[in-house]
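Q: sequence? don't have it. structure:
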C-alpha cells in the first residue's frame, strides 16, 4: 500500500500540473460554464486515479438527493478529497473556502476562476456578511449548489466537531433546502493524501432539510443527521 500511495501521489500531482498547462487558455479567458466543466472533469479524473492506483473505490449513496438546481450542501469534512469528490458529483458546486486556500498555486487560481466564495475566518461579522452577499450573487449568476463544510475544518473520522454558525446563516439567508452529506473519506485518505488505505469512500447524500426552520431546529437536525450517518458508515468498516 505504501507503493500504491506513492504512485498515486506522484501521478496525482503530475496529472494536475499537466491539466493546468493544457487548460491554461480556459483559466485565462474561458467563460465560466467551460471553467466549471473543466473543474468537474478534473475532479472525476482524480476519483479514477484514486481507484486505479490507490485501490480506493468511491461509492455514492442517496443520489436521488443530489440537488440538480440551486441548493445548499453541507458535507462532513475529513480530508481534502471531500472537495474533489463532491466537485465531481455536483452539477455546479460553489465552495465556501478559507482565504488561505486561495494562496495555493493552481488550486487557488482555479478557485477564483470557478467563482468560489472566499472567506476570512478572522473577519468575524463583516466576513459573514460578505459570505452571504457572495452566495446571493453566485445564485443569481447561475443555478449553483453552495457547498459549506459546517465544521469549518477537517476532523478525524468518528470525532464530532463544533458546527460553526456560517451554515445556519446561509440556510436562513438564501432560503433553500440543505442537503447533508455523510462520508468516511478520512479512513482511506490520510495525512493529506500521502497515506492511502484500501477500501471504499462513501458519499451519502441524506434527504434535504426543508427551508424555514428556526436556527436551533436546523442546527440540531443537521448535526444529529450528519453525525449519526457518518458513524454508521464507520461501523460498516468498508
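A: In hand now; what should we look at? Just so we're clear, the structure is a prediction, and the values are computed from it rather than from any experiment.
Q: Tell me the buried residues in stretch 8-15?
A: 8, 9, 11, 12 (16 or more other Cβ atoms under 10 Å). To be clear about C-beta, it is placed using only N, CA and C from the backbone, and glycine gets the same treatment.
Q: biggest separation within these, which pair?
A: Farthest-apart pair in the buried residues of stretch 8-15 is 9 and 11; separation 7.5 Å (Cβ to Cβ).
Q: Grab the most central residue of this structure for me.
A: Nearest to the geometric centre of the chain sits residue 83, at 3.2 Å (Cα atoms, centre = their mean).
Q: Mean pLDDT per helix and strand in the protein: which one sits at the bottom?
A: Ranking every helix and strand in the chain by mean pLDDT, DSSP states H and E puts strand 189-190 at the bottom, with a mean of 86.
Q: Each with direction, which strands does that strand pair with?
A: Sheet pairing of strand 189-190 (DSSP bridges) gives strand 195-196 (antiparallel).
Q: what's the spacing between the strand it pairs with and its chain's center?
A: Taking Cα atoms, centre = their mean, to the nearest Å, one finds the center of strand 195-196 at 19 Å from the center of the full chain.
Q: contact partners of that strand?
A: 1, 4, 5, 8, 50, 54, 55, 56, 188, 189, 190 (Cβ atoms under 8 Å, 6 or more residues apart in numbering).
Q: Residue 69: which of the residues you listed is nearest?
A: residue 50 (28.4 Å).
Q: who's the residue nearest to the closest one when sequence neighbours are not counted bridged to?
A: Computed as Cβ to Cβ, 6 or more residues apart in numbering, the closest residue to residue 50 that is not its neighbour in sequence is residue 56, at 4.9 Å. Beta-bridge partners for residue 56, by DSSP bridges, are residue 199.
Q: for residue 56, what are its contacts?
A: Per Cβ under 8 Å, 6+ apart, neighbours of residue 56: 50, 188, 189, 196, 197, 198, 199, 200, 201.
Q: remind me which residues of this protein are low pLDDT?
A: Scanning the chain for pLDDT under 70 picks out 191-192.
Q: if you set the cut-off to 80 instead, what comes out?
A: 121-124, 160-161, 191-193 (pLDDT under 80).
Q: where along it do the helices fall?
A: Taking DSSP state H as the criterion, the chain carries its helices at 2-22, 24-29, 32-54, 81-89, 107-113, 124-141, 166-174, 185-188, 215-236.
Q: now those helices in TSV, with distance to residue 155?
A: Shown next, in TSV, are the helices of the chain (distance: least, Cβ to Cβ, whole Å):
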stretch	distance to residue 155
helix 2-22	22
helix 24-29	32
helix 32-54	21
helix 81-89	11
helix 107-113	21
helix 124-141	21
helix 166-174	15
helix 185-188	8
helix 215-236	10
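Q: what's the closest of these to residue 156?
A: Comparison of these against residue 156 by Cβ to Cβ identifies helix 185-188 as nearest, at 6.1 Å.
Q: Check which helices and strands that closest one sits against.
A: Helices and strands touching helix 185-188, as assessed by 3 or more Cβ pairs under 8 Å, 6 or more residues apart in numbering; DSSP states H and E, comprise helix 81-89, strand 199-205.
Q: Now tell me what touches stretch 12-23 from outside.
A: By Cβ under 8 Å, 6+ apart, stretch 12-23 touches 27, 30, 38, 42, 45, 46, 49, 106, 193.
Q: what about 7 Å?
A: Residues from elsewhere that reach stretch 12-23, judged by Cβ atoms under 7 Å, 6 or more residues apart in numbering: 38, 42, 45, 46, 49, 106.
Q: now do stretch 218-227
A: By Cβ under 7 Å, 6+ apart, stretch 218-227 touches 74, 76, 150, 160, 163, 167-168, 171, 178, 180, 182, 206, 209, 213.
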